[in-house]
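Novice: Okay, predicted coordinates and the sequence, questions at the end:
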Amino acid sequence: MASSLPSFCSLNKPFYRPKAHKYYSQVRSQSFMDEGKSANIVDANLRILRDRIEEVKKKERLNTCNLQNGWNYQAGYDNKHKGVAILSESIQLIGTVSGAVGLVFFTGSFLICLASVLVHLSSS
């Protein structure tokens, strides 16, 4: 039974390992003649890293140039937007109220007609 345990564990190993996607290729300037100059590789990689950091900072500055106290908003107040919202809510409220009143009148008229028909049928 102990011998079957390692074989069982070996069957449960994952068959697929996802690979990390690399957006930038690595910079390698090493050759067989430059065995002792690994500092040049590090310097080249650091320079590229600094350039990429600067690009990201520039993009962030462009995206957040309107930020004031952490909020990205327009400076002016838009009265038109609020007026349109109030008008829309008012029309919706009027439609709901008129629909409810119309339903009450329709139901009342139907019940009066139904009562009239029942009274007329019972008297005949």
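Specialist: Great, that's in hand.
Novice: For the protein, give me the ranges with low pLDDT.
Specialist: 1-39, 64-76 (pLDDT under 70).
Novice: That one: helices as residue ranges?
Specialist: 4-11, 38-63, 79-123 (DSSP state H).
Novice: any chance of the ones you listed in a markdown table, with mean neighbour count too?
Specialist: Just so you know, the C-beta spots here come from the backbone N, C-alpha and C atoms, and that holds for glycine as well. As requested, those are exported to a markdown table (neighbours: other Cβ atoms under 10 Å):
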| stretch | mean neighbour count |
| --- | --- |
| helix 4-11 | 8 |
| helix 38-63 | 11 |
| helix 79-123 | 10 |
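Novice: how near is residue 86 to residue 92?
Specialist: Residue 86 sits 11 Å away from residue 92 when distances are taken as Cβ to Cβ, to the nearest Å.
Novice: now residue 59
Specialist: 42 Å.
Novice: And residue 79, by the same measure?
Specialist: 20 Å.
Novice: do residue 49 as well
Specialist: Distance, residue 49 to residue 92, using Cβ to Cβ: 56 Å.
Novice: what do you get for residue 83?
Specialist: In terms of Cβ to Cβ, residue 83 sits 15 Å off from residue 92.
Novice: again with residue 48
Specialist: Separation of residue 48 from residue 92 (Cβ to Cβ) stands at 58 Å.
Novice: do residue 60 as well
Specialist: Look at residue 60 and residue 92: by Cβ to Cβ, they are 42 Å apart.
Novice: again with residue 51
Specialist: The spacing between residue 51 and residue 92, counted by Cβ to Cβ, is 55 Å.
Novice: Which residues are in contact with residue 53?
Specialist: Applying Cβ atoms under 8 Å, 6 or more residues apart in numbering to residue 53 gives no contacts.
Novice: likewise residue 119?
Specialist: Contacts of residue 119 (Cβ under 8 Å, 6+ apart): none.
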